[in-house]
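>>> Provide a 3D model corresponding to the input given below.
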Amino acid sequence: MKFAQIIDFETERIDEIRELVEGAEQRSAGRGGGPLHRMVLQDRNTPNRYLVVLEFESSDDARRNSEDPETTRVARLIAELCTRPPAFTDCDVRDSSELK
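Numbers count the residues shown, from 1 in each chain. As a prediction, this is how the structure comes out:
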C-alpha cells in the first residue's frame, strides 16, 4: 500500500529550504526507496505556513528514508530554518486519481 507523509511547517526562509531540498535530491538521485512524488503547498491564509506531501511506495520505504543519515541531516537543517518545529502526519493512501 502506498504511503504519504504530510509535513506542516512555518518559515520565513522558504528559498533556503528549497535549496537544501534540491541539493539533497541531487545527492540521492538514483537511490531507491525515496519519495515517489512531492507536492509543496503554501497556505493562502497564513503565508509563512507550508505543507509538503511526500508519497512513498510503502511505509517501509518511508521509514528507511527517514532513517537515512542524509535525510536526518537535511531535516535538522530545515527545522533550524523554521519558526516552529515541523509537524508530521503519516497516512496510508487509500485512493489516488489523476482527474484531468
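
>>> Run the chain-centre distance for stretch 61-69.
Taking CA atoms, centre = their mean, to the nearest Å, one finds the center of stretch 61-69 at 12 Å from the center of the full chain.

>>> Now that stretch: buried residues?
Under the neighbour-count criterion of 16 or more other CB atoms under 10 Å, stretch 61-69 has D61, A62, N65, D68 buried. To be clear about C-beta, it is placed using only N, CA and C from the backbone, and glycine gets the same treatment.

>>> Please enumerate residues in contact with it?
In this structure, residues lying in contact with stretch 61-69 by CB atoms under 8 Å, 6 or more residues apart in numbering are F3, Q5, G33, G34, P35, L54, F56, T71, T72, D90.

>>> go with 6 Å
Outside stretch 61-69, the residues within contact range by CB atoms under 6 Å, 6 or more residues apart in numbering are F3, Q5, G33, G34, F56, T71.

>>> per-residue confidence averaged over that stretch?
Averaged across stretch 61-69, pLDDT comes to 93.

>>> Show me the buried residues of stretch 61-69 that map onto helices.
D61, A62, N65 (DSSP state H).

>>> Run a quick neighbour tally on N45.
The local packing count at N45 equals 5, with neighbours defined by other CB atoms under 10 Å.

>>> ugh, wrong one, R31
Neighbours of R31 under the rule other CB under 10 Å: 10.

>>> Could I get the pLDDT score of it?
Among the per-residue scores, R31 shows a pLDDT of 76.
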